[in-house]
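Undergrad: Just need the structure, nothing else, for what follows:
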Amino acid sequence: MISVIYSPEFLEHDPGYGHPEKAKRLTAIADALHQVEWQDQIQWLLPTPAAQRNVLSYIQQVHTSEHIERIKRVADKGGGYLDGDTIISARSYEVALLAVSAWLDGIDQVLAHQPAFVLARPPGHHATRDTAMGFCLFANAAIAAEYALTKPTVKRVGILDWDVHHGNGTEAIVSNNPHIAYCSLHQHPYYPGTGTNRGKSGKYQNILNLPLQARSTIADYQLVFEQEVMPFFNNWQPDVLIVSAGYDANDDDPLAGISLHPEDYDLLTQYVLEITKFPLFGLEGGYHLEALAQSVVATLRGCL
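TA: I've put the predicted structure just below:
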């Protein structure tokens with residue numbers, strides 16, 4: 001059994017006509033999951049209302065008040081540009097709060113020994129403490145990691161980011177935290193231009209960047225996982241593992257140049273399950289609807 005945390009409210013964040021981070025990303029995934037033969041193994045959950053959980057208090061531990069207030073102010077005026085490609089609508093602030101709540105629910109699920117997938121938007125791994133960028137408003141994975149550390153059974157958290165873009169926001173937020181390790185596999189050179197130096201960094205050697213060349217295939221990913229990712233996390237021994245699950249490394253994706261295929265995410269999930277039996281996956285990128293949907297199907301199938 002795997003929990004999928006989803007709400008139709010996530011469709012109400014609207015960056016505008018033609019924007020790649022569109023609501024159809026979620027409906028394509030949900031439709032595909034409702035067609036699999038193993039539907040009885042999926043537990044669909046609504047996220048806890050943001051106010052009920054007091055989500056803002058957790059966001060404030062990661063982001064500046066100026067950052068939070070700017071997003072709310074722009075949304076209250078009906079929406080607008082936060083940067084050149086990060087656009088929000090009137091409902092985006094409230095939807096982003098609910099998305100954070102869904103990620104926190106995911107932590108609760110995995111601590112109850114249930115793997116979980118957060119099917120939410122907007123994504124988060126580019127958002128820094130004080131800046132929204134790259135379609136991202138709040139740093140969902142980093143906030144979830146900090147939340148996990150408030151639990152008495154959690155001493156160390158790992159974040160694995162397999163989105164095709166480097167999660168510059170996540171890295172910047174967690175790099176000085178001795179209890180969080182972050183590993184990113186990403187196309188380089190590519191947006192946002194960070195994560196360029198291969199290997200470990202961070203105050204506590206808790207950051208591992210693994211830039212990959214365009215046209216890399218699953219064979220390249222296997223080599224990197226076996227030689228670098230797995231030893232990194234085996235040494236870290238996280239009590240919770242969060243996967244920033246972007247699916248824009250697909251060969252069909254219009255925004256990148258890596259050559260993975262949907263079925264490859266089943267194999268990547270097997271590596272994740274060697275680190276923990278109860279991972280938390282949270283949606284980041286992925287902009288070819290069919291490839292995105294089938295990649296998520298492969299991820300869940302891998303868990304089962």
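Undergrad: only C-alpha atoms for contact and neighbour calcs from this point on.
TA: Fine.
Undergrad: List the buried residues in stretch 204-212.
TA: Applying a neighbour-count criterion of 16 or more other CA atoms under 10 Å, the buried positions in stretch 204-212 are 206-212.
Undergrad: Which residues outside that stretch are in contact with it?
TA: 171, 175-178, 180-188, 195-201, 224, 232 (CA atoms under 8 Å, 6 or more residues apart in numbering).
Undergrad: So which of those sit within helices?
TA: When DSSP state H defines the helices, the subset of the contacts of stretch 204-212 inside them is 171, 224, 232.
Undergrad: Could you tell me how far the residue nearest in space to the middle of the chain is located from G78?
TA: Using CA atoms, centre = their mean, the residue of the chain that lies closest to the mean C-alpha position is S244, 2.9 Å off. As defined by CA to CA, to the nearest Å, S244 lies at a distance of 29 Å from G78.
Undergrad: Write a PyMOL command that selects only the buried members of the contacts of stretch 204-212.
TA: Restricted to buried positions by 16+ other CA under 10 Å, the PyMOL selection for the contacts of stretch 204-212 reads:
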select buried, resi 171+175+176+180+181+182+183+184+185+186+187+188+195+196+200+232
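Undergrad: can you tell me which of the contacts of stretch 204-212 are in strands?
TA: Secondary-structure check on the contacts of stretch 204-212 using DSSP state E: residues within strands are 180-187, 199-201.
Undergrad: Find out how far the host helix or strand of I87 is from the centre of the chain, if you would.
TA: When elements are defined using DSSP states H and E, I87 is found to belong to strand 86-89. On the basis of CA atoms, centre = their mean, to the nearest Å, the separation between the geometric centre of strand 86-89 and that of its chain is 19 Å.
Undergrad: Over to stretch 226-236?
TA: In terms of CA atoms, centre = their mean, the centre of stretch 226-236 is found 20 Å from the chain centre.
Undergrad: Only C-alpha atoms, please: export it in CSV.
TA: In CSV, the C-alpha atoms belonging to stretch 226-236 read as follows (Å, rounded to 0.1, in the frame of the first residue of the first chain):
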residue,chain,number,x,y,z
GLU,A,226,25.9,2.6,-7.3
GLN,A,227,29.2,4.4,-7.0
GLU,A,228,28.2,7.6,-5.3
VAL,A,229,24.5,8.0,-4.3
MET,A,230,24.2,4.8,-2.4
PRO,A,231,27.5,5.1,-0.4
PHE,A,232,26.6,8.7,0.5
PHE,A,233,23.2,7.7,2.0
ASN,A,234,24.4,4.5,3.5
ASN,A,235,27.0,6.5,5.4
TRP,A,236,24.4,9.1,6.4
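Undergrad: Report the mean per-residue pLDDT for it.
TA: The predicted model gives stretch 226-236 an average pLDDT of 98.
Undergrad: Now do the buried residues in that stretch.
TA: Buried residues in stretch 226-236, defined by neighbour count with 16+ other CA under 10 Å: 228-230, 232-233, 236.
Undergrad: now, among those, which is nearest to N250?
TA: Comparing these against N250 with CA to CA picks out V229 as the nearest, at 19.7 Å.
Undergrad: State whether that closest one is indeed within a strand.
TA: No - note on V229: no strand contains this position according to DSSP: H, G, I helix; E, B strand; the rest coil, which reports helix.
Undergrad: Could you give the bridge partners of the residue nearest to it when sequence neighbours are not counted?
TA: Take V229 and drop its neighbours on the chain: the residue closest to it by CA to CA, 6 or more residues apart in numbering is C183, 7.3 Å away. Each beta-bridge partner of C183 is listed here: L160, L208, as defined by DSSP bridges.
Undergrad: Tell me the spacing between C183 and S244.
TA: For C183, the distance to S244 under the criterion CA to CA works out to 10 Å.
Undergrad: shared neighbours of those two, which are they?
TA: The contact sets of C183 and S244 overlap at 159-161 (CA under 8 Å, 6+ apart).
Undergrad: Switch those over to TSV; also include distance to R73 and neighbour count.
TA: Shown next, in TSV, are the shared contacts of C183 and S244 (distance: CA to CA, whole Å; neighbours: other CA atoms under 10 Å):
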residue	distance to R73	neighbour count
I159	31	27
L160	32	22
D161	30	26
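Undergrad: Done for today, thanks.
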